[in-house]
Structure formats: structure tokens, C-alpha cells
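J.: Pasted the sequence and its predicted model underneath.
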Amino acid sequence: MREQEAAKRYLLELFGSITAYIVLLVAAIAYGRPMPAGVLRTVVLLSPMIGFGLMLWVMVRHFRRLDEYIRRLFLENTAIAAAITAGLTFTYGFLETAGYPKLSMFSVWILMGSAWGLTAIFRRLVSP
């Protein structure tokens, strides 16, 4: 029962931090982009990182609540996803020198999250 309560708390905290991120992101885009260049504009445009920091904090708290086996699986999935991301981004770096378009750094995070999710699903399907 303790694990279910921890999972519910995690989801509640995570969705709260995601909501904070989205609100800050919308505000940064609406108000920061039209501002004149300067320190204030930079601070406003970076403000969504507060929500991102909250998400990290929530994930670390949840990670510390996990038992050793689940923690190990989580770390293995993260390591595999990081290796996949490194390989693909390194490969695309060579493709950019061949004339492929440069990609935004935002695409790396999307790739990492996708690799992590697919790794977790694949390992769950193939493990006994």
C-alpha cells in the first residue's frame, strides 16, 4: 500500500510541476519574445526552467523512495537511453556536415525521453 501512496503522491507532484512549467512557458513566450533585448528579457525567457527544476526535484524525491530493485531498473533504463541518445546525436552531427539541417537542442531532450520510454517498454515486454 505504501508504494501506491508514493506513486499517487509522485504523480500529483509531477503534474503540479508540469503545470508550473507550462504556465511559465506560455508567459515567457507571450511576454518575453516581444521584449527588447537585455537582461530582463533573458530572465523572462529562462523562467520556464523554474518549472523544469521543480520536475527534477520531484523525480529525485521519487527516485529516493524507490526500492533497490526498481531503482536499479530505472538507472539501467536511463543509462541505455543516454547511450542511444549519444549515438544518435553523434551520428546526426556527421549528417549535419553532409548538409542536413541543424536541429534545435530541444530535439535532444525529446529523443532522450522517447528512448527512455521505449527502453522501459521493451525491457518490460522481453523480461521474464
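T.: Sure, I can see it.

J.: For the rest of this, base every contact and every neighbour count on C-alpha atoms.
T.: Noted.

J.: Helix, strand or coil: sort out the residue of the chain most remote from its centre for me.
T.: The C-alpha centroid of the chain is most remote from residue 36, which lies 29.6 Å away (CA atoms, centre = their mean). Following DSSP: H, G, I helix; E, B strand; the rest coil, we place residue 36 in the coil state.

J.: Tell me how far it lies from residue 46.
T.: Per CA to CA, to the nearest Å, residue 36 is found 15 Å from residue 46.

J.: Residue 19 versus residue 118, what's the distance?
T.: Applying CA to CA, the value for residue 118 to residue 19 is 24 Å.

J.: Could you verify my assumption that residue 25 touches residue 47?
T.: Yes - Residue 25 is within contact range of residue 47, at 7.4 Å (criterion: CA atoms under 8 Å).

J.: Of these two, which one has the most company?
T.: For residue 25 versus residue 47, neighbours defined as other CA atoms under 10 Å are more numerous around residue 25 (21 against 17).

J.: ok, that one to residue 14 distance?
T.: On the measure of CA to CA, residue 25 and residue 14 end up 16 Å apart.

J.: likewise residue 73?
T.: Taking CA to CA, one finds residue 73 at 20 Å from residue 14.

J.: Have a look at those two and say which one is more surrounded.
T.: Ranked by neighbour count (other CA under 10 Å), residue 73 and residue 14 place residue 14 first, with 19 against 13.
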